[in-house]
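Novice: Have a look at this prediction, sequence included:
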Amino acid sequence: MSNHIQSSNVVGVHYRVGKKIGEGSFGVIFEGINLLNNQQVAIKFEPRKSEAPQLRDEYRNYKALSGSVGIPNVYYFGQEGLHNILVIDILGPSLEDLFDWCGRKFSIKTVVMIAKQMLSRIQTIHEKSLIYRDIKPDNFLIGFPGTKTANMIHVVDFGMAKYYRDPKTHQHIPYRERKSLSGTARYMSINTHLGREQSRRDDLEAMGHVFMYFLRGNLPWQGLKAATNKQKYEKIGDKKQTTQITALCEGLPEQFGQYLIYVRNLGFEENPDYDYLRRLFTQALKTVGEVEDGEYDWMKLNGGRGWDTTINKRPNLH
């Protein structure tokens, strides 16, 4: 589809399209430049005839969250030839890229610092009456290199987000079942597997699965084989339900297990205690005798120079 998108084209009046930096289910992402002020940006292209267009909704969600810490600024949404386009801040690699480059294991210290940042981002989204519904390491990106937010975790890809309550009255959506699955099977909550309407608790549980993935290097429900996707999702859901939290968190500070127990016991409409969850991670760090010093595992790459895209290849940068 990118045949129609020429690098060096000018789109959205004053954005020049640069090289392709990523691809997803929705379309393609290019780097770009704002010709008025030379600011680097990311430009997301989606075919206008897409079966499930997301960019307009994504634009609205970015607007609703605008000015929030760790949420990229959005500059433009519009039609350009055969595509819808969205222009946002350009960011660095995803946590999935960094995890790969670090040998697919993160230290407890790095996971704790990531967890506290991710919790704060998701709390911000929830406070704006939205749930995210697509928690995965690929959707959390660090900042653009050389900027003051270079190690701040940002959330991107708001195509799946939805309101869990009325933004004005705060009336919560009703509980429903038999919902079709949305999200990434590896990380989604058990309730999502069971077809239950998602709410704040499901974002938090999916994050717990991401933390375990980072600490362990994999999850017990990875690599399950089945004839159809539906059967595979069922198998993954069954394995999640039968895996004991103690077994999942074996050899790790007990606070990781306490996190999962807490979020899996939240009610559908319950307002999570984000401060309590952040405190759990602070305690986990104490138990291993580490301090929160902002030194992440990826900063040690390449002899302490940090990550470098000429050496560290990124398969799919957003």
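Specialist: All right, it came through fine. In this text, all values refer to a predicted model and were calculated from it rather than measured experimentally.
Novice: Touching, K128 and S66? I think so.
Specialist: No. Using C-beta atoms under 8 Å, K128 makes no contact with S66, being 9.8 Å away. To be clear about C-beta, it is placed using only N, CA and C from the backbone, and glycine gets the same treatment.
Novice: Please say which of these two ends up with more neighbours.
Specialist: K128 (16 against 12; other C-beta atoms under 10 Å).
Novice: what's the pLDDT at the more buried one?
Specialist: Note on K128: pLDDT of 98.
Novice: and it, what does it touch?
Specialist: Neighbouring residues of K128 by C-beta atoms under 8 Å, 6 or more residues apart in numbering: 64-65, 68, 167.
Novice: Pretty sure R264 sits against I190.
Specialist: Yes. Distance between R264 and I190: 7.0 Å, which falls inside the contact criterion (C-beta under 8 Å).
Novice: For these two, list the residues in contact with both.
Specialist: Contacts common to R264 and I190, judged by C-beta under 8 Å, 6+ apart, are E205.
Novice: Could I have the CA atoms of stretch 99-110 written out in CSV?
Specialist: Backbone C-alpha positions of stretch 99-110 (Å, rounded to 0.1, in the frame of the first residue of the first chain) are rendered in CSV as follows:
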residue,chain,number,x,y,z
PHE,A,99,13.6,-5.7,25.5
ASP,A,100,14.9,-7.4,22.4
TRP,A,101,18.1,-5.4,22.5
CYS,A,102,18.7,-6.2,26.2
GLY,A,103,18.6,-9.9,25.5
ARG,A,104,14.9,-10.4,26.3
LYS,A,105,15.3,-9.9,30.1
PHE,A,106,14.9,-6.8,32.1
SER,A,107,16.3,-6.4,35.7
ILE,A,108,13.9,-6.0,38.6
LYS,A,109,15.0,-2.3,38.9
THR,A,110,14.2,-1.5,35.3
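Novice: got the residue ranges for the helices in this structure?
Specialist: For the chain, applying DSSP state H gives helices covering 55-64, 95-101, 108-127, 190-193, 200-216, 229-242, 245-248, 254-264, 274-287, 301-304.
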